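**Student:** Next one to model:
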Amino acid sequence: MRPAPRWLPPPGVGGTFCLHRAESPYGFTAAEVRLIGRLAASLGNGCRLSLAAPGIEGIAAIAPGVVVLHADHTVAAITGEAERLLADIADYSATSGRLPAAIYAAAACLQSIDSGMALPDASPTVRVQTIDGGWLLVYATHLHGAADNDIAVIIEPAHPSRNAPLVLSSLGLTPRESEVALLVLRGASTKAIGAELHLSMYTVKDHLKSIFDKTGVRSRRDLVAKVLTGGRAS
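**Tutor:** Here you go, the predicted model:
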């Protein structure tokens, strides 16, 4: 068997990507090696973003839940999946029938959009942290054909990558530092970050140093791990 091509990650990013071909008189061609070289960063980034943050494993396997509210926000119906997801939110009380504030907020935002009172960029979507540190995505929509303008509020586990901007903001990064950090999460090199944001490599390095200082990490790998765990140390 011809040696398998290997992609070595840039400094600060751990991991090795190997491909093996079945025994044959032909090895990997130069064109195939170049192709893998172009795909390696994207494949590695996909693997990183597929990691689940601690606290989300238990709820990730649950299907999205649905809470149906009347226009006055009283509960019309609720699925079993929704009850299990709601139980992981601190301000939910099954005994009193009081739903988490995020549910009412999403429904109220949808009604404000309908009435024209909401801001132009308003969205009936809310992120809420669970008791064990994971995140849920809560969003409201209309039930077509339902009586009394009923609202469906969908609850589902939020993938860690979707929370990255929120986590970076909570860690005290400036807007520019957040832009740099998001590109790091996508696997971009210092040179690529500079080209994307029209910054010199020295400026990018200064931003990276500030990002590492603010987030308490020492490398790009540690930064990715911290963001994917909701801002907690790995």
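
**Student:** all contacts plus neighbour counts: C-alpha atoms, from now on.
**Tutor:** Noted.

**Student:** bridging residues for L136?
**Tutor:** V128, P157 (DSSP bridges).

**Student:** Can you report how many residues lie near it?
**Tutor:** As a burial measure, L136 scores 27 neighbours (other Cα atoms under 10 Å).

**Student:** quick one: it from D88, how far?
**Tutor:** 9 Å (Cα to Cα, to the nearest Å).

**Student:** Name the residues contacting each of these two.
**Tutor:** Common neighbours of L136 and D88 (criterion: Cα atoms under 8 Å, 6 or more residues apart in numbering): T130.

**Student:** who's in contact with the helix or strand in which V66 is found?
**Tutor:** Assigned by DSSP states H and E, V66 belongs to strand 65-69. Here strand 65-69 makes contact (Cα under 8 Å, 6+ apart) with 75-83, 85, 150-156.

**Student:** Within the sheet, what are the partner strands of it, with directions?
**Tutor:** By DSSP bridges, strand 65-69 pairs with strand 75-78 (antiparallel), strand 151-157 (antiparallel).

**Student:** got those strands as CSV, with mean pLDDT columns?
**Tutor:** As requested, these are exported to CSV (pLDDT from 0 to 100):
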stretch, mean pLDDT
strand 75-78, 92
strand 151-157, 92
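
**Student:** Of these, which stretch is the most buried?
**Tutor:** Among these, strand 151-157 has the highest mean neighbour count (mean count of other Cα atoms under 10 Å), at a mean of 24.

**Student:** continuing past it, what's the next helix or strand?
**Tutor:** Going down the chain from strand 151-157, the next helix or strand is helix 164-170, by DSSP H and E.
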